[in-house]
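J.: Sequence and predicted structure, then a few things I'm wondering about:
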Amino acid sequence: MAAPPPPPRVCYVYSAEYVARCDALCKVPQRASMVHSLIGAYSLLEHMRVVKPKVASMEEMASFHTDAYLQHLQKVSEEGDDDHPESVEYGLGYDCPATEGIFDYAAAVGGATITAAQCLLDGKCQVAINWSGGWHHAKKDEASGFCYLNDAVLGILHLRQKFDRVLYVDLDLHHGDGVEDAFSFTSKVMTVSLHKFSPGFFPGTGDVTDVGLGKGRYYSVNVPIQDGIQDERYYQIWC
């Protein structure tokens, strides 16, 4: 009798409910379902193990974010109050409107990334993907750049339950400032960010001279890039 095929080496964190929740984000409407449609169109689902995401608890989210921020986000989310006088100090406004249900969205994204991290901790796969995650601008007490919850930081903290050191690599167009800030004083997490860097471009951080602080000095690596870079040059930097 032939041996059973090996399990997929990739876990894909997905559920229809999770995608619907992410689709409702007003700044990137329907993006999650479009990404999932592409995954199906390229026949990638048959090569991955689909894992249903959990929803992050308040305690899990508070492993990084402050109680005051989470409680305020929950309050305005329940009321759909985009004009609360205290929202400005928490970064809620134009880029991050306090729409109804936004707290549940944040908890869903954070839980999905924690689910992906748990798959790695349990040895279920070698690669775990939350395609609707990666909201790297949020600070511990402030929303920023469409990011209400820093799921990347939550995932790293979860991985550190088992792994002494974690390498975080950020290939977004924008600097991963929230993640770098979270770990700027530690040598346990190295952050590496390749991003566009020019005057006036959000978030305005990530210069090559930004290398971390204290025990985390030289554990923050920034590769600022200007417009016009070609594939060959980008490949040289990355490899």
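T.: Structure received.

J.: State the mean pLDDT of stretch 62-71.
T.: Mean pLDDT, stretch 62-71: 98.

J.: First-to-last residue distance for it?
T.: In stretch 62-71, first residue to last residue: 10 Å (CA to CA, to the nearest Å).

J.: Next: stretch 198-207.
T.: End to end - CA to CA - stretch 198-207 spans 9 Å.

J.: Which residues belonging to that stretch are considered buried?
T.: The neighbour-count check on stretch 198-207 (16 or more other CB atoms under 10 Å) flags 201, 205-206 as buried. Every C-beta, even on glycine, is put in place using the N, C-alpha and C of the backbone.

J.: Same check on stretch 51-67?
T.: Buried, per 16+ other CB under 10 Å, within stretch 51-67: 51, 53-56, 60-61, 64-65.

J.: Helices along this protein, start to end?
T.: 16-23, 31-41, 58-61, 67-79, 102-121, 151-159, 177-182, 231-238 (DSSP state H).

J.: what about these, which gets the closest to residue 91?
T.: helix 67-79 (8.7 Å; CB to CB).

J.: I'd like the helices of the chain laid out as TSV, including distance to residue 127.
T.: Output for the helices of the chain, formatted as TSV (distance: least, CB to CB, whole Å):
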stretch	distance to residue 127
helix 16-23	19
helix 31-41	14
helix 58-61	22
helix 67-79	30
helix 102-121	8
helix 151-159	13
helix 177-182	19
helix 231-238	18
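
J.: Now the residue nearest to the spatial centre of the chain: closest residue in space that isn't a chain neighbour?
T.: By CA atoms, centre = their mean, the chain has its centre lying nearest to residue 134, at 2.3 Å. Closest residue to residue 134 apart from its sequence neighbours, by CB to CB, 6 or more residues apart in numbering: residue 152 at 6.1 Å.

J.: Residue 238 too?
T.: Nearest residue to residue 238, sequence neighbours excluded (CB to CB, 6+ apart): residue 194, at 6.9 Å.

J.: likewise residue 215?
T.: Spatial nearest neighbour of residue 215, chain neighbours left out: residue 187 (5.2 Å); criterion: CB to CB, 6+ apart.

J.: Wait, the one you found touches residue 219, no?
T.: Yes. If you go by CB atoms under 8 Å, residue 187 and residue 219 touch, sitting 5.2 Å apart.
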